[in-house]
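Asks: coordinates only, no sequence provided:
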């Protein structure tokens, strides 16, 4: 995401950062005492309730027309949305796209083969490297934040 935001023209970078800061402010207003960073600091249940409450707020990386400005660099959560998947172990991961109800043809899509195990191994290595880069230690590789939180804290 950092490379994606930094690849944008300065005016778009500024707009993405402003939208991210505004969204983090909304999250902090709804969850007093939380800095808008680590999801673990408020727990999954409270975060899920906050996410549901702010579900209509657009991602800070979307332009006025709804196009993703950092599509080539989008995070894993964005890449995994939209298609049901079948793992090598024959487990079905349902389509979790939040706007799928706007596209009825999604429901008709057959699960696509997906090597979840390889992805998880690669993701673990990436999370550990990011933890070292961001926090100076691999011990925070379980750090989770929102896209807005990543933009305001890690991308600046």
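Replies: Okay, I see it. Bear in mind the structure is a predicted one, so any value in this text is a computation, not a measurement.

Asks: so where's the chain shaky on pLDDT?
Replies: 97-101, 103, 155-156 (pLDDT under 70).

Asks: pretty sure residue 115 contacts residue 87?
Replies: Yes: Residue 115 lies in contact with residue 87 (C-beta atoms under 8 Å); the separation is 7.5 Å. Every residue, glycine included, has its C-beta placed from N, CA and C.

Asks: my guess is residue 28 contacts residue 41. True?
Replies: No: the criterion here is C-beta under 8 Å, and residue 28 misses it with residue 41 at 11.7 Å.

Asks: what touches both of the two?
Replies: Taking C-beta atoms under 8 Å, 6 or more residues apart in numbering as the criterion, residue 28 and residue 41 both touch 34, 35.

Asks: so residue 115 and residue 87 - more neighbours on which side?
Replies: Using other C-beta atoms under 10 Å as the criterion, residue 115 and residue 87 rank with residue 87 on top: 15 against 12.

Asks: against residue 134, how distant is the residue lying closest to the more buried one once chain neighbours are set aside?
Replies: Leaving aside its sequence neighbours, residue 87 sits nearest to residue 116 (C-beta to C-beta, 6 or more residues apart in numbering; 4.3 Å). In this view, residue 116 and residue 134 are 25 Å apart by C-beta to C-beta, to the nearest Å.

Asks: what do you get for residue 30?
Replies: Counting by C-beta to C-beta, the gap from residue 30 to residue 134 is 25 Å.

Asks: check residue 70 too.
Replies: Counting by C-beta to C-beta - residue 70 and residue 134 are separated by 18 Å.

Asks: neighbour count: those two, which is higher?
Replies: A side-by-side neighbour count of residue 70 and residue 134, using other C-beta under 10 Å, places residue 70 first with 24 against 14.

Asks: in this structure that one contacts residue 6, no?
Replies: No: counting by C-beta under 8 Å, residue 70 stays clear of residue 6, with 9.6 Å between them.
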